[in-house]
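In: Coordinates only, no sequence provided:
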Ligand code: NAP
Ligand code: MG
């Protein structure tokens, strides 16, 4: 059987530690035997980021802008310990942060649902996709510790020098203070990404903020979503029978717990951070979660939602066997290949992505899985496989299907 051809390259961003090990095995066992892989390779491993003073991260993001589709391995975000471990010249920023701010997008995360790994919330029958706004709010805040009595004010100075002032609080004693912001432009692109993704995946869209309490800040999010919906998306939603539903964040949380799933839940940055961990854990595991950054300009970046699995990597370095779950990384590749196929009208590549995912799911549903899943599965007496053997089982399944 000939290999499936590709016309346009995919931007491949390699990463760190255990996920870098999995990356190589996935390519060797699941991709290269079947697809004539065309990628433009960027090494985002920390060693090479350090060598290039992190220029490679910017180059990779620019390449995603050029080719429109990228796939990224998990990477280390340096902290003090990593400075020493990798002899870093600088404490580089998170590559995900750099890429997100260059592509200006929304991160969509959805659980990979398989039989035998049941959500702890009994009524969740279909996946819940979280859409997290990836700009501003508390993640770009300015804060202050207030030592004692005094007056705190909010001051905006316009370009012509005019000042607008508002009292925040007359402090009688010590306390804390925080300032944050967001941009209409960023909220608009967040809204467009969510509406487009809902249409693309044929799911209803829910959005929630605390607009009753935050009458300017959160209300702006609500208003922008409504206006963009009414003027740009309403017709398409109504035509396909999809709904856009806005409610208060606390009401949304209550409804989500009672719902059966199958919708997209759009969240402001902080809500998305917190709720995506809740939703993914309740569905089973972070390693069973897809994650894609969708930019309003039509760029797509696929990745795993989890980190580099450092603890497993150190065991691997000591020559010990690991049982690390590669599903999220495999789905990052299948997602990127499918999107590449869609954009290039390459149906063979799209079908390959479907088969790769089906093979992965079949292996787990037949009782062969990594240790993290074996601990939570309802399948009796599962076979626990090591990192490589799990991928090799998927290869056998895939070969049979092709
Ligand atoms: P992590 O890599 O997500 O792993 C935390 C723990 O979760 C692991 O020790 C493991 O538990 C379990 N786990 C996560 N993924 C797994 C998988 N695929 N298979 C099996 N078990 C899995 O988080 P971390 O250890 O806190 O972070 C390590 C590095 O990743 C950090 O340097 C951080 O900066 C980076 N990070 C990168 C990204 C990204 O690039 N998207 C995201 C988050 C963190 P057990 O040890 O109990 O088996
Ligand atoms: Mg978080």
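Out: Noted; the coordinates are in hand. Bear in mind that the values here come from a model prediction, so they are computed numbers and not experimental data. Ligands and ions are numbered 1, 2, ... in the order given.

In: got the contact list for residue 255?
Out: Shown in contact with residue 255 (CB atoms under 8 Å, 6 or more residues apart in numbering): 206, 247. Backbone N, C-alpha and C define where each C-beta goes, glycine included.

In: Phi first, then psi, for it.
Out: Backbone torsions for residue 255, taken as degrees, to the nearest 10, come to phi -70, psi -40.

In: Over to the one 10 residues further on?
Out: The phi/psi pair for residue 265 (degrees, to the nearest 10) reads phi -110, psi 110.

In: partners of it in the sheet?
Out: Beta-bridge pairing for residue 265 (DSSP bridges): residue 130, residue 206.

In: That one contacts residue 130, doesn't it?
Out: Yes: if you go by CB atoms under 8 Å, residue 265 and residue 130 touch, sitting 5.5 Å apart.

In: Now the common contact residues for these two.
Out: Taking CB under 8 Å, 6+ apart as the criterion, residue 265 and residue 130 both touch 275, 279.

In: Spatially nearest residue to residue 42 (excluding sequence neighbours)?
Out: Among residues not flanking residue 42 along the chain, residue 60 sits closest, at 3.8 Å (CB to CB, 6 or more residues apart in numbering).

In: what's the answer for residue 98, then?
Out: Nearest non-adjacent residue to residue 98 (CB to CB, 6+ apart): residue 57, at 5.0 Å.

In: and the one you found, what is it in contact with?
Out: So residue 57 contacts 44, 49, 92, 95, 98, 99 (CB under 8 Å, 6+ apart).

In: The fifth one and residue 13, how far apart?
Out: Counting by CB to CB, to the nearest Å, the gap from residue 98 to residue 13 is 11 Å.

In: Neighbour count: these two, which is higher?
Out: residue 13 (28 against 17; other CB atoms under 10 Å).

In: For the more buried one, give me its contacts.
Out: Going by CB under 8 Å, 6+ apart, the list of residues near residue 13 reads 42, 44, 60, 70, 71, 72, 73, 75, 95.

In: The residue of the stretch 101-250 of the chain found nearest ligand 1: what secondary structure?
Out: Residue of the stretch 101-250 of the chain nearest ligand 1, by CB to the nearest ligand atom: residue 107 (9.9 Å). Recorded secondary structure, residue 107: strand (DSSP: H, G, I helix; E, B strand; the rest coil).

In: phi, psi of the closest residue to it other than its chain neighbours?
Out: Leaving aside its chain neighbours, residue 107 sits nearest to residue 132 (4.8 Å; criterion: CB to CB, 6+ apart). Dihedral pair for residue 132: phi -110, psi 120, per degrees, to the nearest 10.

In: wait, residue 132 sits on residue 106?
Out: Yes: taking CB under 8 Å as the definition, residue 132 is a contact partner of residue 106 at 6.7 Å.

In: and these two? which has more neighbours close in?
Out: residue 106 (28 against 23).

In: Residue 168 and residue 374, how far apart?
Out: 53 Å.

In: between those two, which one's more packed in?
Out: Between residue 168 and residue 374, counting by other CB under 10 Å, residue 374 is the more crowded of the two (18 against 13).

In: which residues touch the more buried one?
Out: Per CB under 8 Å, 6+ apart, neighbours of residue 374: 382, 384.

In: Three-state assignment for residue 239, please.
Out: Per three-state DSSP, residue 239 ends up helix.

In: Tell me which residue in the stretch 201-350 of the chain sits closest to ligand 1.
Out: Proximity of the stretch 201-350 of the chain to ligand 1 (CB to the nearest ligand atom) peaks at residue 307, 2.5 Å away.

In: Does that residue lie in a helix or a strand, and which?
Out: Per DSSP states H and E: residue 307 is located in neither a helix nor a strand.

In: one step back: check which helix or strand covers the residue nearest to residue 98.
Out: Assigned by DSSP H and E, residue 57 falls within helix 55-67.

In: So what's the model's average confidence on that helix?
Out: Per-residue pLDDT values over helix 55-67 give a mean of 98.

In: now do stretch 344-363
Out: 98.

In: same check, this time on stretch 182-195
Out: Stretch 182-195 shows a mean pLDDT of 94.

In: Identify each buried residue in it, please.
Out: 182, 186, 187, 189, 190, 191, 192, 193, 194, 195 (16 or more other CB atoms under 10 Å).

In: Identify the residue nearest the second one in space, chain neighbours excluded?
Out: Taking CB to CB, 6+ apart, and ignoring the residues beside it in sequence, residue 186 has residue 135 as its nearest neighbour in space, at 4.3 Å.

In: pLDDT wise, what is the one you found at?
Out: pLDDT recorded at residue 135 is 84.

In: Identify the residues contacting it.
Out: 100, 101, 104, 182, 183, 186, 190, 269.

In: That one - that's part of a helix, no?
Out: No: counting by three-state DSSP, residue 135 is not part of a helix but coil.

In: Distance of residue 251 relative to residue 212?
Out: 10 Å.

In: Spell out the secondary structure type for the closest residue to residue 133 other than its chain neighbours.
Out: Spatially, and ignoring its direct neighbours in sequence, residue 133 is nearest to residue 190 (4.5 Å; CB to CB, 6+ apart). Residue 190 falls in the helix class when you classify it by three-state DSSP.
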